[in-house]
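1. The amino acid sequence is not available; the structure is as follows:
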């Protein structure tokens, strides 16, 4: 069973996030978490804080969304004594898959998961680095529902509150550690 951890100072973690103006295009302020990830204390505190939110909820699986969900997902799964399942872009998984196509601002994309990745009724947490508009997470939720999983929560390292992505998930426990209003 994972150990309880002490509360995290969110403002200290925010100081480890680099902001990059005009990336990936003019007018966008990019929150670069690679500077937090390379800080051994900051990364550990982030994972511990995510884990603390889900400890005691009998989580069977943590699903990480490609690509940055692969950073947080396995570490969180380890802390929760759960399995890890990758949710991938098309044609990356070798066995039969379930697929969901979803719309983006500039077109569409798809996500896939092995059809045997989740047994009906398994308790799962979906994790990604960032909650912006919520489109990618919404597609992942659809995949979990297709396979009969029970969603225990949606976890994010960062949430851009001003984009109101959490509004898509009123029926779920949405937990984000670092919040930004602009």
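-> Received the coordinates, thanks. Keep in mind it's a predicted model, so treat the numbers as computed, not measured.
2. Can you give me the neighbour number for residue 177?
-> 19 (other C-beta atoms under 10 Å). All C-beta atoms are positioned from the backbone trio N, CA, C, and that covers glycine.
3. Is it in a helix, a strand, or coil?
-> Classification of residue 177 using DSSP: H, G, I helix; E, B strand; the rest coil returns strand.
4. need the contact list for it.
-> 8, 10, 13, 46, 49, 50, 156, 157, 158 (C-beta atoms under 8 Å, 6 or more residues apart in numbering).
5. what about the fifth one, which helix or strand?
-> Per DSSP states H and E, residue 49 falls inside helix 40-54.
6. Now the residue of the chain most remote from its centre: phi and psi?
-> If you look at how far each residue of the chain sits from its centre, by C-alpha atoms, centre = their mean, the farthest one is residue 26, at 26.0 Å. Here is the backbone geometry of residue 26 (degrees, to the nearest 10): phi -60, psi 140.
7. By residue count, what's the longest strand in the protein?
-> strand 150-160 (DSSP state E).
8. how far out from the middle of the chain is that strand?
-> 5 Å (C-alpha atoms, centre = their mean, to the nearest Å).
9. All good on my end, thank you.
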